[in-house]
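Visitor: okay, here's the prediction I keep looking at, along with the sequence it came from:
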Amino acid sequence: MADIEDVIRADGYKTVEKPQTRERYITPNNDITYKIIERVVLSTNPEILEFVIISPNVAAHCQAGQFVIVRANEKAERIPLTIADFDREKLTITLVCQSIGRSSKIINNMQVGDNIHDIAGPLGHPSQIHDNMGVVVLVAGGVGTAPVYPIAREIYKRPGNHVITIFGARMKELIFWEDKMRAVSHECYVTTDDGSYGIHGFGTTALQQIIDKAGYVKEDEEKIPERRFAEVYAIGPLPMMRAVSEVTRPYKIPTIVSLNTTMVDGTGMCGACRVNVDGKTKFACVDGPEFDAHVVDWQNLRQRMTTYCKEEQEEKQLPIEKPVQTKIPANKIPKKQTPMPVQDPEFRAQNWTEVALGYTAEMAVNEAKRCLNCPKPMCIKGCPVQVPIPQFIQKIKDQDFLGAYRIIKSAHSCPAISGRVCPQESQCQCAEGTYGCILERTGREAVGIGRLERFVADYVRENNLEEKALLDEENRIKPVQLTGKKVAVIGSGPAGIAAAGEVAKAGHSVVIFEALHKLGGVLSYGIPEFRLPKEIVAHEIAGLQRLGVVETRTNFVVGKSATIDDLKKEGFSAFFIGSGAGLPRFLGIPGEDLPGVLSANEFLTRCNLMKAYTFPQVSDTPVMHAQQVVVIGA
């Protein structure tokens, strides 16, 4: 059998050195607060601050070179920040943040004792560090000093390594962490653009001097330098990293850059962080953040980094939404499917409120009466979860809406969601094969099964009948025999929610792990508010939590925040992996990395999860606006 490392390399995946053995930490509950315990002003112009934050999972599992996604508050943008330091004993991480956009300014206005709303991570591949690397040069520009520090420290600790650090800023007042950098360097050089401290010039000035002193000759491979550099790391502003790349290119010195690109989710789902590397599209969050500097398409990256500058700088107000039109009453019940009341187009074009307004009780009963109660119902065969459709429709005819709800819930956990977004027209209501509604086969419209399911779920929710729905005919709650076993559900999308519900009903304790700051998966980031209100998703998930054996943990990236083996040690005996769509798919054509080209995942995540359509009044996450739009794919 081939060695597993050979197989991995053959498949083209990035390999990293096995991390050092250490005790892993997993927070025991979901009540995580990312409290700021230290705040240090490193610079006032520009505003740069250092924060020490309690973040147990990240502190226990992170390595040099990784980053986290931070959200300051409920409406703030998700922004990536590289981990500048960590303390596994105190379970803290250190982040350095420069005020650039709205969200970074919000973070820098926070004080000791305040809580960051969300911190997800650790994310990205750690730096590839090992013994006997030789001479390694690390170049930091501006706030790049912060992410360079942990990398330098880890290289410095390993035997057979010699660390040279170069870090600088525009002027002396902007230099920070000099003592820390010198403590992890065998040689240390400080530069300032204005010559007010250290070497007069840029980081590339000092780098060129070191290269010349080492005896390198441009484009002369036969010339053996007196001192060979194993690698050069560069972290800082884009122009600085590109300049370092151009300095080392003629000497063919391996050069690594860490790319802090535009991100939305940070887990590989949205595709916003894509970068062209050696002619191939890579994703900084999952393939990086470190890449070979000599094959990065810097021009393309520069264009992509300016994508949302215009939106963030504009101060104009968005149009005020007009009130939503009230439900349209049914004047008469037509022979065809009972129409669903909807917002008037004039109003719905100006808001993101749900378009379909739902049946009234009278409409639902009239639509239910269209069901023929077939002795061999083909509609059930078309339902993936085998909902007893004729039975719950009969309950609606009898105006026993709570009874209808109990029947639906016996088959699955989230009727308010499936009633809205499940494709009934191609399943229980279709007229193909051996399943579907018999009415559809006779030239009439199928019974509106999805609409009836939605009505039942909405009726129970709006009348606060969920607790009563748990009671049987004798007003008793059916007891569940607890097994004492723990099951981990990875991903809180529809698959994860469904699995958690079934596992909980079987008496097992369930913990749902979600990488994003909000539960729901594609239900939250992929389906627009006007089709599936997020309050519905939250309510259905809360229904799972009411079972008493379902716990949720957000900002938890399984494989990064903790591995499967770590979770096994915590007592989990089974795992359900519903990790979702993953990376977006692109066409592989020239120009798809240009600004203005968005994957569906990125666009939907910005609009649905981060509510970018309310920028800047409500959300700090922008989205592009254009008069002419091309949509590829239907």
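Guide: Ah, there it is.

Visitor: alpha carbons only for contacts and neighbour counts from here, please
Guide: Fine.

Visitor: can you map out the strands along the stretch 251-400 of the chain?
Guide: 255-258, 274-277, 280-283, 290-292 (DSSP state E, counting those that start in this stretch).

Visitor: so what strands line up beside the last one?
Guide: Going back to what we said before, that points to strand 290-292. strand 255-258 (antiparallel) (DSSP bridges).

Visitor: what about dumping the CA coordinates of the strand it pairs with to CSV?
Guide: As requested, the backbone C-alpha atoms of strand 255-258 are provided in CSV (Å, rounded to 0.1, in the frame of the first residue of the first chain):
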residue,chain,number,x,y,z
THR,A,255,9.7,33.6,-1.4
ILE,A,256,6.4,33.1,0.5
VAL,A,257,3.7,35.7,1.0
SER,A,258,0.6,35.6,3.2
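
Visitor: do a quick rundown of the strands in the stretch 1-150 of the chain.
Guide: Counting by DSSP E, counting those that start in this stretch, the strands of the stretch 1-150 of the chain are 34-44, 47-54, 67-71, 79-82, 85-87, 92-98, 115-116, 118-123, 134-141.

Visitor: now these as TSV including mean neighbour count?
Guide: TSV is the format used below for those (neighbours: other Cα atoms under 10 Å):
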stretch	mean neighbour count
strand 34-44	16
strand 47-54	22
strand 67-71	24
strand 79-82	22
strand 85-87	21
strand 92-98	23
strand 115-116	19
strand 118-123	28
strand 134-141	23
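
Visitor: quick one: closest of those strands to residue 427.
Guide: Nearest to residue 427, of all the strands of the stretch 1-150 of the chain, is strand 118-123, at 37.7 Å by Cα to Cα.

Visitor: does anything pack onto that closest one? Which helices or strands?
Guide: helix 56-61, strand 67-71 (3 or more Cα pairs under 8 Å, 6 or more residues apart in numbering; DSSP states H and E).

Visitor: average pLDDT across the first one?
Guide: Per-residue pLDDT over helix 56-61 has a mean of 88.

Visitor: contacts only, for residue 352.
Guide: 528-530 (Cα atoms under 8 Å, 6 or more residues apart in numbering).

Visitor: apply 7 Å and report the result again.
Guide: By Cα atoms under 7 Å, 6 or more residues apart in numbering, the contact set of residue 352 is 529-530.

Visitor: now do residue 557
Guide: Contacts of residue 557 by Cα under 7 Å, 6+ apart are 121, 514-515.

Visitor: for residue 33, find the nearest of the helices and strands packed on strand 118-123.
Guide: Between the helices and strands packed on strand 118-123, helix 56-61 lies closest to residue 33; by Cα to Cα that is 9.7 Å.

Visitor: packing partners of the closest one?
Guide: With contacts taken as 3 or more Cα pairs under 7 Å, 6 or more residues apart in numbering; DSSP states H and E, helix 56-61 sits against strand 92-98.

Visitor: what helices or strands is the strand it packs on leaning on?
Guide: Using 3+ Cα pairs under 7 Å, 6+ apart: strand 92-98 touches strand 47-54, helix 56-61, strand 85-87, helix 102-108.

Visitor: please repeat the previous calculation with a cut-off of 10 Å.
Guide: Packing partners of strand 92-98 (3 or more Cα pairs under 10 Å, 6 or more residues apart in numbering; DSSP states H and E): strand 34-44, strand 47-54, helix 56-61, strand 67-71, strand 79-82, strand 85-87, helix 102-108, helix 145-157.

Visitor: can you give the strand pairings for it, parallel or anti for each?
Guide: Strand 92-98 has these strand partners (DSSP bridges): strand 47-54 (antiparallel), strand 85-87 (antiparallel).

Visitor: now do the first one: distance to the chain's middle.
Guide: Taking the mean C-alpha point of strand 47-54 and that of its whole chain, the gap between them comes to 22 Å (Cα atoms, centre = their mean, to the nearest Å).

Visitor: now the last one
Guide: From the chain centre to the centre of strand 85-87 is a distance of 23 Å (Cα atoms, centre = their mean).

Visitor: who's in contact with that strand?
Guide: 52-56, 58-64, 92-96, 146-151, 153 (Cα atoms under 10 Å, 6 or more residues apart in numbering).

Visitor: what pLDDT does residue 577 get?
Guide: At residue 577, pLDDT is 93.

Visitor: gap between it and residue 526?
Guide: From residue 577 over to residue 526 the distance is 19 Å, taken as Cα to Cα, to the nearest Å.

Visitor: of the two, who's got more company?
Guide: Ranked by neighbour count (other Cα atoms under 10 Å), residue 577 and residue 526 place residue 526 first, with 20 against 15.

Visitor: give me the secondary structure label for the closest residue to the more buried one other than its chain neighbours.
Guide: Nearest non-adjacent residue to residue 526, counting by Cα to Cα, 6 or more residues apart in numbering: residue 604, 5.3 Å away. Using DSSP: H, G, I helix; E, B strand; the rest coil, the structure places residue 604 in helix.

Visitor: which residues does residue 604 contact?
Guide: 270, 522, 524-528, 598, 610-612.
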